[in-house]
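1. structural data only, the sequence is not supplied:
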């Protein structure tokens with residue numbers, strides 16, 4: 001197939017559009033994780049951390065696409081425990097799922113119990129290096145599902161790489177507003193952390209060959225986000241109404 005035939009082939013464009021949409025959907029959880037992680041950094045470092053995190057996401061996906069032959073063999077069992085045969089892919093998913101469960105649980109604990117004295121020392125801040133390492137680890141885990149989807153939906157590696165680049169570009173544009181929204185509305189951070197627990201549990205289940213359809217997970221996330229959005233709108237309207245009414249009058253002056 002020549003270059004011109006490749007660009008004018010409707011099947012190529014159909015697979016590109018379908019794969020791009022799927023990669024964007026699969027990238028939602030990555031955007032949520034990065035948005036939560038950068039909240040622990042000083043404001044002047046958050047944009048840099050997001051850029052590094054999404055750049056690593058792009059690099060991991062392109063590198064893994066370039067080694068498709070090796071990656072496909074990651075599903076070959078390497079050892080068996082009881083009735084479960086584990087491959088390298090299973091181990092990556094298991095490690096990533098456990099990482100998300102531990103990370104989400106710790107963040108929720110600190111958010112509820114408090115890990116710092118806000119009146120004196122300010123919020124507990126992680127280092128840029130630690131944030132980038134954690135983002136890199138989870139980017140690698142999220143890349144596994146992304147690349148498996150790409151391999152299953154397209155026949156040409158050029159289409160796969162183009163779709164991944166488009167998805168990362170959309171994630172880059174979306175990561176800023178998502179992070180800003182979470183910062184303006186603290187309750188949404190707890191919701192985002194619960195998403196991490198949900199995704200972590202799904203990855204662990206996948207590692208044990210118990211696949212939870214992603215449609216169920218994305219529906220649960222969308223429904224919860226919709227409820228939180230309505231709650232945020234209601235809170236904003238209450239604040240506006242209270243501001244318009246003004247402070248209550250002192251007794252005897254009514």
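-> Ah, there it is. Here the structure is a predicted model, which means the values were calculated and not measured.
2. past the lowest-mean-pLDDT helix or strand in the chain, which element shows up next along the chain?
-> None of the helices or strands of the chain scores lower by mean pLDDT, DSSP states H and E than helix 68-72, at a mean of 61. With elements assigned by DSSP states H and E, the helix or strand that comes after helix 68-72 is strand 79-81.
3. okay, buried residues for that following strand please.
-> Neighbour counts over strand 79-81 (16 or more other CB atoms under 10 Å) mark no residue as buried. Quick note: C-beta positions are derived from backbone N, CA and C, even for glycine.
4. same deal with stretch 228-247?
-> Applying 16+ other CB under 10 Å to stretch 228-247 flags residue 228 as buried.
5. in the stretch 1-150 of the chain, where is pLDDT below threshold?
-> For the stretch 1-150 of the chain, the stretches flagged by pLDDT under 70 are 1-6, 22, 25-26, 68-73, 114-126, 145-146, 148-150.
6. can you give me the helices for it?
-> Assigned by DSSP state H, counting those that start in this stretch, the helices in the stretch 1-150 of the chain fall at 3-8, 10-26, 28-38, 43-66, 68-72, 88-113, 128-153.
7. now mean neighbour count too, for those, in a markdown table please.
-> Output for these, formatted as a markdown table (neighbours: other CB atoms under 10 Å):
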| stretch | mean neighbour count |
| --- | --- |
| helix 3-8 | 10 |
| helix 10-26 | 16 |
| helix 28-38 | 24 |
| helix 43-66 | 18 |
| helix 68-72 | 13 |
| helix 88-113 | 17 |
| helix 128-153 | 19 |
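8. reformat those helices as TSV; add distance to residue 193.
-> Shown next, in TSV, are those (distance: least, CB to CB, whole Å):
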stretch	distance to residue 193
helix 3-8	44
helix 10-26	20
helix 28-38	6
helix 43-66	17
helix 68-72	30
helix 88-113	5
helix 128-153	13
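9. for these, which one sits closest to residue 167?
-> Relative to residue 167, the nearest member of those by CB to CB is helix 10-26, separated by 3.5 Å.
10. now that closest one against helix 43-66, angle please.
-> Here helix 10-26 points in a direction 140 degrees away from that of helix 43-66 (axes from the mean of the first three to the mean of the last three CA atoms, to 10 degrees).
11. who does helix 10-26 touch, helix- and strand-wise?
-> Judged by 3 or more CB pairs under 8 Å, 6 or more residues apart in numbering; DSSP states H and E, helix 10-26 is in contact with helix 128-153, helix 157-184.
12. check the offset of that helix from the chain's centre.
-> The chain centre lies 19 Å from the centre of helix 10-26; the measure is CA atoms, centre = their mean, to the nearest Å.
13. now the angle between helix 28-38 and it, please.
-> Here helix 10-26 runs at an angle of 40 degrees relative to helix 28-38 (the same axes, to 10 degrees).
14. could you dump the helices and strands packed on helix 10-26 into TSV with distance to residue 212 added?
-> Shown next, in TSV, are the helices and strands packed on helix 10-26 (distance: least, CB to CB, whole Å):
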stretch	distance to residue 212
helix 128-153	12
helix 157-184	22
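15. now residue 52: closest residue in space that isn't a chain neighbour?
-> residue 132 (5.3 Å; CB to CB, 6 or more residues apart in numbering).
16. looking at the helices and strands packed on helix 10-26, which is closest to residue 12?
-> Of all these, it is helix 157-184 that lies closest to residue 12, at 6.0 Å by CB to CB.
17. next secondary structure after that closest one?
-> helix 186-207.
18. any idea of the angle that next one forms with helix 28-38?
-> Going by the same axes, to 10 degrees, helix 186-207 makes 130 degrees with helix 28-38.
19. same question for the helix or strand just after helix 186-207, mean pLDDT?
-> Sequence-wise, the next helix or strand beyond helix 186-207 is helix 214-245, with elements assigned using DSSP H and E. The pLDDT scores in helix 214-245 average 82.
20. for helix 214-245, packing partners?
-> Judged by 3+ CB pairs under 8 Å, 6+ apart, helix 214-245 is in contact with helix 186-207.
21. do you know how far residue 39 is from residue 18?
-> 33 Å (CB to CB, to the nearest Å).
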